[in-house]
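Trainee: Give me coordinates for this.
(chains A, B, C and D)
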Protein chains: 2
Amino acid sequence: MGHYEDGERLVEDRIARELDTSRGPVREALRQLEHEGLVVSYPYRGAVVLGVSEEEVQQVLIPVRLTLEKFSYLKALERMDDGDFAELAKEVWTMQEAASVNDLIRSVEADIRFHEYILSRSGQPHTAQVWRSIQPRIRAYFFRYGKEADLNRIAFEHGELLQTLQSGEPTSIIGALERHITIRTPAP
Amino acid sequence: MGHYEDGERLVEDRIARELDTSRGPVREALRQLEHEGLVVSYPYRGAVVLGVSEEEVQQVLIPVRLTLEKFSYLKALERMDDGDFAELAKEVWTMQEAASVNDLIRSVEADIRFHEYILSRSGQPHTAQVWRSIQPRIRAYFFRYGKEADLNRIAFEHGELLQTLQSGEPTSIIGALERHITIRTPAP
DNA sequence: GTCAAGGGCATTGTTGACAATCCCAGGATG
DNA sequence: CATCCTGGGATTGTCAACAATGCCCTTGAC
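Mentor: All right, here's what the predicted structure looks like:
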């Protein structure tokens, strides 16, 4: 669970030893990280950790995420029932609890499950796939440049999202999404 | 080079035999295809070919591509010189030649090289990475649902793109990009 | 001193054997 | 008749040895 620096080399054999496994699974994991944009690898030359610039996050990754979620939320809306809403409410409750004890990890995990659940209900495989590729970078960005997440606010915003979904109003869903995803713009 | 159907199972061992290699490289190739959204795989259960719906292409993949290219073209603009323009002009010329003999493959390859060249010049690794993940699906879509590409028009549009880049006018670049990427909307 | 050729070392790419897991059929059981 | 267990076959996941490649540093010529 090391903390890697941008540009650090990732040698398959060394990592395999560290994790007490063979190079096969390490290779797969590196390909996964490459898919998530956290690592770049060059043939026969290995892999290095890749950072993410504020500019790319703000101007590319977040707008792309907004496109993905707008579409998938509207799609999911058509097929969600009370059981689904209950599932989401559970995650919101988890976020509230996590906020009360300042448990960042737990909050982030519930956050991801919340969005992932809606993605899966939307039944749009490509949208979900691209989301999973982009999400880790945005998360790494907020982590790295320490955007002091306000856990109470995260819980509140997801409660709001859930509420708009239950209301069934496309316009308010889009609005809540835009606020939730775009608003975290750090000061320049 | 088989033509696979949506939902078709892809068994590593069989493909390895067909291509006369071992399962390792086949696994890697399947992961690559998964990254490009053309295949989905489930742990211990294998991989299947994944189709792409018109709705997801039009409402998600193409808008995302537009976001990516708008950003990267403006970024690339700042660092391109006459040598770069010459390189792009070469690809436009290739497209014109391909159009004159109706060589679809050659045209598509030059098309991809054109965009890929600008992406590389933009120096935005995440933008390029997401583009490489999305591009194959859009291509597969136009291929699959046979959107009768007009090769002359493709060559013309890229000539236009090159021209706007050389002009250095951000507004005209964005305009040409929107026409180039969005206009192919098929009739409903 | 500069530059090109070559050889050694570190690392990734490939291979075939073995282990773990899933699916499905078939039978026992209520 | 429905349901639960169990075993076998097919397939993916893991492993360790071997091959291929790229990098760097030495060596030598000019």
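Trainee: quick one: secondary structure of A:Tyr4?
Mentor: Three-state call for A:Tyr4 (DSSP: H, G, I helix; E, B strand; the rest coil): coil.
Trainee: Can you check what pLDDT the model gives the residue nearest in space to the middle of chain A?
Mentor: With distances taken as CA atoms, centre = their mean, A:Gln135 lies nearest the centre of chain A, 3.4 Å away. pLDDT, A:Gln135: 96.
Trainee: Now for it, which secondary structure element holds it?
Mentor: If you go by DSSP states H and E, A:Gln135 is part of helix A:125-144.
Trainee: ok, is stretch A:78-96 in contact with chain B or not?
Mentor: No: judged by CB under 8 Å from any CB of the partner chain, stretch A:78-96 stays clear of chain B, getting no closer than 12.3 Å. C-beta: built from backbone N, CA, C; applies to glycine.
Trainee: buried set for that stretch?
Mentor: A:Met80, A:Asp84, A:Leu88, A:Ala89, A:Glu91, A:Val92, A:Thr94, A:Met95, A:Gln96 (16 or more other CB atoms under 10 Å in any protein chain shown).
Trainee: Pull the residues that contact that stretch.
Mentor: A:106-107, A:110-111, A:113-114, A:117-118, A:121-123, A:151, A:154-155, A:158-159, A:162, A:165-166 (CB atoms under 8 Å, 6 or more residues apart in numbering or on different chains).
Trainee: again, only using 7 Å
Mentor: Counting by CB atoms under 7 Å, 6 or more residues apart in numbering or on different chains, stretch A:78-96 makes contact with A:106-107, A:110-111, A:113-114, A:117, A:121, A:154-155, A:158-159, A:162, A:165-166, all of which sit outside it.
Trainee: got it, and stretch A:127-135?
Mentor: By CB under 7 Å, 6+ apart, stretch A:127-135 touches A:35-37, A:61, A:64-65, A:68, A:71-72, A:119-120, B:37, B:56, B:60, B:64, B:130, B:133-134.
Trainee: Please apply the same query to stretch A:24-41.
Mentor: Contacts for stretch A:24-41 (CB under 7 Å, 6+ apart): A:10, A:12, A:15-16, A:19, A:47-50, A:133, A:136-137, A:140, B:31, B:35, B:125-126, B:129.
Trainee: Provide the secondary structure category for A:Gly37.
Mentor: Assignment for A:Gly37 (three-state DSSP): coil.
Trainee: how about it, phi and psi?
Mentor: Main-chain torsions, A:Gly37, degrees, to the nearest 10: phi 80, psi 10.
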